[in-house]
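A.B. asks: could you look at this predicted model? Sequence included:
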Amino acid sequence: MFNLLNTLVEKNREYGKEGKLASYIPALLEANPNDLGIYLVDSRGKEYYSGEYDKKFTMQSISKIVTLILAIRDNGRYNVFKKVDVEPTGMGFNSIVNLEASDTGKPYNPMINAGAIVTTSLIDGKDVEERFEKILDFMKAVTNNDKITVNESVYLSEKETGNRNRALAYFMKSTGALEGDVEEILDLYFKQCSIELTARDLARFGAVLANDGVIPWTNEKIIPKEVCRIVKTIMVTCGMYDASGEFAVNVGIPAKSGVGGGIIATVPRKYGIGIYGPALDDRGNSIAGINLIKDLSQELDLSIF
Ligand code: DON
């Protein structure tokens, strides 16, 4: 397995040259576009890795999975899906047009920015700090890494430049789709996007999802099986934004990307996979990462379809 991963990383690294670092969050421009790393955790807890699997990056939109899980835990599935739909948009992750065009006023799904701002608003807690601690505690548990924390400079950069997210949130506040203090909700959203981790951490989180919510190294059930099923389904239909259909055809694994260059993927009952490659394609997905996981899926016959 190590040989296969080394071969695939070196083969796909060159795609980094064709991509671009996310520039709309200035702090993300500090990454090295040639980096590419992968980490795999199998169902018996064995771990395999290659490339820059140990480099830190911010989870960005991958945090949308976490806020969906915690929103369901705090409110129940019914109350969450009263406020956010589960339909793919076919539009970019920060698109504003669907919010006005939708009949219900609800964001289309929890994997676009508007939907994630709503799930973030549904996490219980007396203030931003308490709610953020819940997110961080969850991340520490599913990654077996109690050092996970926020990258302050990315957080401040997002907060300073996040005007598109402000527009989405205030629009939803005006229609009643979003309730609560908008600035506090956005603060929590920018913080969760700026949680810093590695491909190893993502692979372990992916292994928990693959294992139906039971943490393989403690046997603790941290996510109900039914919630895991819902999350993995939404990852298939919406996890790679407007490239989700193509990804399902070419790769066929529930996955979620972030503009920090991360991809988390989860092969039910087989593997958790974490990938890092910060150069992005025009949809905001890691360009080398997508090519790498496509090759891996073919080599190991991982498509769930
Ligand atoms: O809100 C944003 O735009 C970023 N913090 C997260 C977006 C993101 O990761 C989309 N991913 N591909």
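C.D. replies: Received, thanks.

A.B. asks: which ones are touching residue 133?
C.D. replies: Contacts for residue 133 (Cβ atoms under 8 Å, 6 or more residues apart in numbering) come out as residue 125. All C-beta spots, glycine's among them, are computed from the backbone N, C-alpha and C.

A.B. asks: now do the buried residues in the helix or strand where it lies.
C.D. replies: Remark: residue 133 resides in helix 128-143, with elements defined by DSSP states H and E. Within helix 128-143, the residues that qualify as buried are 128, 131, 132, 134, 135, 136, 138, 139, 141, 142, 143, counting by 16 or more other Cβ atoms under 10 Å.

A.B. asks: go on, stretch 40-52?
C.D. replies: For stretch 40-52, by 16+ other Cβ under 10 Å, it's 40, 41, 42, 48, 49, 50, 51, 52.

A.B. asks: farthest pair within these?
C.D. replies: The span of the buried residues of stretch 40-52, defined through Cβ to Cβ, is set by 42 and 52 at 20.9 Å.

A.B. asks: nearest residue to the residue nearest in space to the middle of the chain in space, please, no chain neighbours.
C.D. replies: For the chain, residue 62 is the residue whose C-alpha lies nearest the centre (Cα atoms, centre = their mean; 1.3 Å). If the residues on either side of it in the chain are set aside, residue 62 comes closest to residue 258, at 4.3 Å by Cβ to Cβ, 6 or more residues apart in numbering.

A.B. asks: again, but for residue 185
C.D. replies: Once flanking residues are discounted, residue 185 sits nearest to residue 121: 4.6 Å by Cβ to Cβ, 6+ apart.

A.B. asks: from the ligand, how far out is that neighbour?
C.D. replies: Separation of residue 121 from the ligand (Cβ to the nearest ligand atom, to the nearest Å): 14 Å.

A.B. asks: next one: residue 98
C.D. replies: Per Cβ to the nearest ligand atom, residue 98 is found 15 Å from the ligand.
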